[in-house]
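**Q** mind looking at a prediction? Sequence and model below.
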Amino acid sequence: MTRFRAYATDSDEEGSSSDASILVEQILPAAGPSTNRATGRPRQPPSNSGDSDLYTDLHEQDAGSESDSPPPNTSRLTDQTLIPWARQVGVDRQKMLVMQSALFRAPEEEAAMRDISRQQPPKHRLLAPPAISRKHSRDSEGEGLRADSRQRPSFAHDIDPAPFRPSRKYARVESSASAVAGHEGALIDCGLSFGRSFRVGWGPGGTLAHLGSLCAPWNNSTSTANSSVVTIVTIPTVAAGKQEATDLASKLLSHNLTHTVIEPDADGIPAATPSRHLTFASFESLFPSTDKSFEATLFRLGHALFDPIELHLASSINNDIRQRTQAVRRKAALSSWLQDAVSPAVEAEVDESLSGHQDWARAVFALLTGNQVEKSCQIALDYSNVKLATLISQVGGDDEFKDDISAQLTLWREQRIDVHIDANIRKIYALLAGIVDVLEGSKGTGLERCPDIPLGKGLDWKRAFGLHLWFGESLDASIADSFATYDQLVKVGSPHVAAPVPWYREGSSPAASAWKLPVETDPPDALFSLIKLFADPEHLLSHALSPFSFSPSPSDFRLPWHIYILLSRCLRVRDFTDRGDTSINDARTEEAQSDSDSGVEGHSPSADLLANSYALQLEEMDMLQEAVFVLLHLEGSSGRRRAIQDMLSRNAPKIDDWMMRGLVGSLKIPVAWVNEAKAIHALFAGQVYEAYELYLMAGMYTAAHELAVTELAPDAIIRKDLELLEELLHRISGHPVEGWHSRGKVLLDYAHVMTRLPELRERLDTLTAPDAADAAEIEELTRSVPKLIQQLPDVLVEHSDIRHRAALAEMISGLTSRLDQLRPLVLGQQLRTARVAEATKLEHIRATAYEKFLRSVEVA
């Protein structure tokens with residue numbers, strides 16, 4: 001569009017009309033210089049006949065025009081009493097006319113643009129982000145992205161959707177590949193230099209280094225972090241004694257190892273695959289039958305609920321019968337486990353009831369809460385209650401029996417006789433009737449008033465659940481039905497039903513804990529969570545494996561990890577919900593997948609987090625081999641390798657010959673990983689040559705090359721031990737090494753020149769007739785010296801290290817000295833900027849001058 005000026009003054013009245021016409025034609029060149037697009041007739045210039053031209057303007061059309069735009073409505077202009085707005089406000093008519101033509105389209109131009117917009121469909125393409133007007137905005141945070149201004153021809157057209165702009169991706173890189181590598185000492189940016197120095201950090205063995213004092217975000221600390229004192233503490237991970245926890249972890253992990261196959265995956269990284277024969281029953285066999293510990297009880301419950309059951313049915317039996325048989329067997333196994341789990345509490349209450357006041361009814365009820373029907377009948381007979389013993393023997397019978405007992409209780413309540421009957425006897429009758437929550441009493445007054453009796457009062461959660469399993473439901477009810485009734489009472493917060501609190505919180509005096517446990521969100525007992533996993537398919541495995549459910553320590557992952565391995569990797573009954581696509585992780589070959597049906601399907605970050613947490617706990621307990629075995633269960637190849645190598649590096653001083661045999665032999669850890677970890681520790685301890693040897697043993701020739709060039713070679717050069725320098729570099733030569741030709745090869749060539757040139761010169765002096773081969777070699781070596789002198793400053797680049805400066809000066813001086821003895825004129829201007837002593841430069845000038853003098857004499 002042509003740029004223009006639109007203005008008019010009072011002195012320009014005569015030529016304003018023609019100027020306006022020219023300006024309008026410049027703005028709308030598509031309409032033609034003098035014709036009307038709709039009619040093809042010449043356009044009429046605006047006249048000065050009146051101010052009404054402000055409304056008819058330059059685009060007045062004939063009455064017979066077929067233009068798409070309707071003719072302007074001029075009927076209201078016939079009233080002579082109307083005063084135009086331009087005259088009223090005192091604006092010049094011609095100036096107003098030009099402004100109107102510049103700012104508003106003509107009707108035919110508007111119609112033409114509308115047709116063009118209909119013919120061209122919208123195109124979706126990537127657009128560059130618009131200019132960001134906000135100061136210091138960041139595109140990476142999405143704050144500076146503004147929606148570009150888009151127009152539409154009319155309201156009948158929709159605005160195109162905003163163009164797609166790909167978001168910027170960030171990835172974590174290794175510290176060696178970082179842009180700030182080697183610049184940590186740049187004090188101009190203290191955040192960069194010291195950003196990692198004042199943070200809380202984990203050290204080897206679970207040690208924690210920090211400034212000030214540790215506190216929660218919502219707590220007020222009395223000490224300040226602005227201190228130069230670094231505190232190193234060890235955070236406990238187990239609530240019990242360390243030796244007891246170590247023995248249990250060693251026993252469980254050793255059993256797990258005997259049923260695990262360790263072999264390299266498709267990426268060559270060793271991985272652990274538990275066998276399908278690893279079950280809860282195999283772990284149960286590790287504990288004697290008399291062991292009533294929580295761990296033994298946990299594995300026995302898992303065996304009852306999840307282990308495969310041999311039904312011993314013929315192959316012709318249909319699936320419905322098999323499922324029904326399996327459900328009955330599961331319920332019987334759970335009932336047997338529950339009866340054994342509550343037996344200590346039941347026996348203690350029975351002994352208390354019979355030793356003091358001889359309350360036989362309380363003892364009978366206590367035995368029934370443990371499903372010990374035979375013993376309860378015997379006690380009733382011992383105290384001459386034959387009829388009650390007969391009824392107890394029929395406990396858990398059919399519905400007719402329960403209805404009869406329930407009718408008896410109703411009769412007692414209606415006749416207000418229940419007030420005269422012992423409360424424990426009434427509770428026994430309630431169990432016989434299938435009432436397990438509250439037994440309603442008569443509503444009398446005074447002496448005839450009998451209160452309601454909660455049957456679960458004073459019972460722990462396992463005995464309360466047992467009432468629902470044994471007495472509350474019919475014989476053909478499933479485990480899920482019995483569990484649902486108990487779980488519903490817990491959810492509604494029934495005051496007379498015990499909640500499934502963990503074992504360490506049971507009793508009137510819970511076990512002391514070194515951790516502040518979350519009281520507002522009490523975790524359920526792990527036994528309860530296992531039952532809920534079986535009964536409720538919607539219950540999440542991550543909720544069931546909370547460390548607080550197994551121990552008062554929030555960092556004790558021993559039992560949760562083993563339960564996960566059994567349920568997910570071995571039995572394949574439950575898994576974490578974040579397990580992704582199977583193509584993400586499984587790096588095994590197709591043959592390995594077909595040979596084993598226990599491989600990992602997909603990838604679960606929760607599973608890797610659980611394994612890492614358990615491995616860190618074992619590392620703190622000085623169980624390095626066991627920790628590496630747990631890390632072998634990590635599902636990602638790269639993450640598994642990184643985690644194992646980091647753990648070996650942190651614990652390199654503890655790796656002796658016995659432990660190395662276990663790591664390499666039993667766990668199939670590559671020897672190179674162990675040697676690399678030892679090399680890192682040796683380098684940290686200042687044993688550079690030992691680290692160099694270990695890197696070579698590990699096959700890490702690039703790291704060995706770096707040590708040889710930057711640490712070992714300068715010392716050998718300063719001591720003029722060329723044999724050692726050649727030995728260091730010859731062991732690396734021939735292997736793929738990054739930067740070999742620009743660093744190590746240069747030093748090797750230097751050693752070769754320094755040792756070979758004296759030999760050739762000595763032979764040249766002893767022989768009467770020079771050998772052509774020796775002369776050619778001398779010529780080649782002398783011509784390579786200037787190139788070496790140019791390359792050497794790029795080999796030893798640490799100018800802050802005095803050894804590098806001294807070695808560089810020694811090499812240039814030696815090469816110059818060797819060259820001055822044979823071909824001083826070969827060396828040009830390389831010594832002018834070289835960092836060598838002035839004596840070397842003067843000696844080279846003298847040798848050059850003497851050589852030139854001899855040549856001039858020969859020529860003469």
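**A** That came through, no problem.
**Q** strands of the protein, residue ranges please.
**A** 201-202, 207-211, 230-234, 260-264, 270-274, 438-439, 453-454 (DSSP state E).
**Q** how far out from the middle of the chain is the first one?
**A** Centroid displacement of strand 201-202 relative to its chain, using CA atoms, centre = their mean, to the nearest Å, is 18 Å.
**Q** then stretch 329-337?
**A** On the basis of CA atoms, centre = their mean, stretch 329-337 sits 40 Å off its chain's mean C-alpha point.
**Q** check the strands of the chain for me: which has the lowest mean pLDDT.
**A** Note on the strands of the chain: strand 201-202 shows the lowest mean pLDDT, a mean of 71.
**Q** that strand packs against which elements?
**A** strand 207-211 (3 or more CB pairs under 8 Å, 6 or more residues apart in numbering; DSSP states H and E). All C-beta atoms are positioned from the backbone trio N, CA, C, and that covers glycine.
**Q** for the strand it packs on, which positions count as buried?
**A** For strand 207-211, a neighbour-count test (16 or more other CB atoms under 10 Å) marks residue 211 as buried.
**Q** and for stretch 451-461?
**A** 453-456, 459-461.
**Q** before we move on, the earlier item: ranking the strands of the chain by burial, who's on top?
**A** Mean neighbours per residue, mean count of other CB atoms under 10 Å, is largest over the strands of the chain for strand 270-274, with a mean of 21.
**Q** any idea how far the longest helix seen in the chain is from the chain center?
**A** Looking across the chain with DSSP state H, the single longest helix is helix 319-355. Its chain's average C-alpha position is 42 Å from that of helix 319-355, according to CA atoms, centre = their mean.
**Q** list the helices and strands that helix packs on?
**A** Applying 3+ CB pairs under 8 Å, 6+ apart, one finds that helix 319-355 makes contact with helix 294-305, helix 360-369, helix 461-467, helix 479-491, helix 526-535.
**Q** for the first one, packing partners?
**A** When you say that, I think you mean helix 294-305. The helices and strands touching helix 294-305, judged by 3+ CB pairs under 8 Å, 6+ apart, are helix 280-284, helix 319-355, helix 526-535, helix 558-564.
**Q** what average pLDDT does that helix get?
**A** Per-residue scores along helix 294-305 average to 95.
**Q** now swap in stretch 531-549 and tell me
**A** Mean predicted confidence for stretch 531-549 is 93.
**Q** and for stretch 624-644?
**A** Mean predicted lDDT for stretch 624-644 stands at 95.
**Q** stretch 813-833 now?
**A** Here the average pLDDT along stretch 813-833 is 74.
**Q** now for the helices and strands packed on helix 319-355, which one comes closest to residue 649?
**A** Across those, residue 649 has its closest neighbour in helix 294-305 (32.7 Å, CB to CB).
**Q** which intervals of the stretch 451-600 of the chain have sub-threshold pLDDT?
**A** 508-514, 517-521, 580-600 (pLDDT under 70).
**Q** can you pull the contacts of the residue nearest the centre of the chain?
**A** In the chain, the C-alpha closest to the average C-alpha coordinate belongs to residue 605, at a distance of 6.4 Å (CA atoms, centre = their mean). Taking CB atoms under 8 Å, 6 or more residues apart in numbering as the criterion, residue 605 is in contact with residue 578.
**Q** quick check: it vs residue 635, distance?
**A** 9 Å (CB to CB, to the nearest Å).
**Q** do the same with residue 427
**A** 52 Å.
**Q** please apply the same query to residue 280.
**A** 23 Å.
**Q** go on, residue 577?
**A** 15 Å.
**Q** who's more crowded, the two?
**A** Per other CB atoms under 10 Å, whichever of residue 577 and residue 635 has more neighbours is residue 635, with 23 against 10.
**Q** quick check: phi and psi at the more buried one.
**A** Note on residue 635: its backbone torsions stand at phi -90, psi -30 [degrees, to the nearest 10].
**Q** hmm, it is touching residue 610, no?
**A** No - with contacts counted by CB atoms under 8 Å, residue 635 stays clear of residue 610, the gap being 11.1 Å.
**Q** show me the shaky parts of the stretch 1-150 of the chain.
**A** 1-91, 93, 97-150.
**Q** make it 50
**A** 1-78, 122-148 (pLDDT under 50).
**Q** picking up where we left off before, switch the strands of the chain over to TSV; also include distance to residue 652.
**A** As requested, the strands of the chain are exported to TSV (distance: least, CB to CB, whole Å):
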stretch	distance to residue 652
strand 201-202	16
strand 207-211	16
strand 230-234	19
strand 260-264	22
strand 270-274	19
strand 438-439	65
strand 453-454	62
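**Q** mind putting the helices and strands packed on helix 319-355 in a markdown table, distance to residue 642 included?
**A** Formatted as a markdown table, the helices and strands packed on helix 319-355 follow (distance: least, CB to CB, whole Å):
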| stretch | distance to residue 642 |
| --- | --- |
| helix 294-305 | 32 |
| helix 360-369 | 53 |
| helix 461-467 | 43 |
| helix 479-491 | 42 |
| helix 526-535 | 31 |
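**Q** to residue 857, which of those helices lies closest?
**A** So among these, helix 294-305 is nearest, using CB to CB, at 99.8 Å.
**Q** quick check: angle from that closest one to helix 526-535?
**A** Going by axes from the mean of the first three to the mean of the last three CA atoms, to 10 degrees, helix 294-305 is angled at 10 degrees with respect to helix 526-535.
**Q** list the buried residues for helix 294-305?
**A** Result for helix 294-305 [16+ other CB under 10 Å]: buried residues 295-305.
**Q** of those, closest to residue 845?
**A** Nearest to residue 845 out of those is residue 295 (CB to CB; 85.9 Å).
**Q** show me what contacts the closest one?
**A** Neighbours of residue 295 in contact, by CB under 8 Å, 6+ apart: 248, 287, 559.
**Q** and for the first one, the neighbour number?
**A** Residue 248 has 17 neighbours, counted by other CB under 10 Å.
**Q** please apply the same query to residue 411.
**A** 11.
**Q** likewise residue 269?
**A** 19.
**Q** so it sits against residue 637, correct?
**A** Yes - contact criterion CB under 8 Å: residue 269 and residue 637 qualify, at 4.5 Å.
**Q** so what pLDDT did residue 722 get?
**A** On the pLDDT scale, residue 722 gets 92.
**Q** give the contact list for the closest residue to it other than its chain neighbours.
**A** Nearest-residue entry for residue 722: residue 751, 4.7 Å, with adjacent residues in sequence omitted and distances by CB to CB, 6 or more residues apart in numbering. Each residue near residue 751 by CB under 8 Å, 6+ apart is listed here: 722, 725-726, 729.
**Q** wait, what's in contact with residue 344?
**A** residue 292.
**Q** any idea how far residue 370 is from it?
**A** Distance from residue 344 to residue 370, by CB to CB: 10 Å.
**Q** about what we covered before: distance check, the residue nearest to residue 722 against residue 837.
**A** Taking CB to CB, one finds residue 751 at 21 Å from residue 837.
**Q** now do residue 668
**A** 57 Å.
**Q** so for the two, which residue has more residues nearby?
**A** Between residue 668 and residue 837, counted using other CB under 10 Å, the more crowded position is residue 668 (15 against 12).
**Q** residue contacts, the more buried one?
**A** Residue 668 sits next to 262-264, 270 when contact means CB under 8 Å, 6+ apart.
**Q** average pLDDT across stretch 338-349?
**A** Mean predicted lDDT for stretch 338-349 stands at 94.
**Q** pull the CA atoms of that stretch into PDB?
**A** In PDB, the C-alpha atoms belonging to stretch 338-349 read as follows (Å, rounded to 0.1, in the frame of the first residue of the first chain):
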ATOM      1  CA  LEU A 338      -7.000 -66.000  61.500                       C
ATOM      2  CA  GLN A 339      -7.600 -68.600  64.200                       C
ATOM      3  CA  ASP A 340      -3.900 -69.100  64.600                       C
ATOM      4  CA  ALA A 341      -3.200 -65.400  64.600                       C
ATOM      5  CA  VAL A 342      -5.600 -64.500  67.400                       C
ATOM      6  CA  SER A 343      -4.900 -67.500  69.500                       C
ATOM      7  CA  PRO A 344      -2.400 -65.800  71.800                       C
ATOM      8  CA  ALA A 345      -4.900 -63.000  72.700                       C
ATOM      9  CA  VAL A 346      -7.700 -65.500  73.200                       C
ATOM     10  CA  GLU A 347      -5.700 -67.800  75.400                       C
ATOM     11  CA  ALA A 348      -4.500 -64.800  77.500                       C
ATOM     12  CA  GLU A 349      -8.200 -63.700  78.100                       C
END
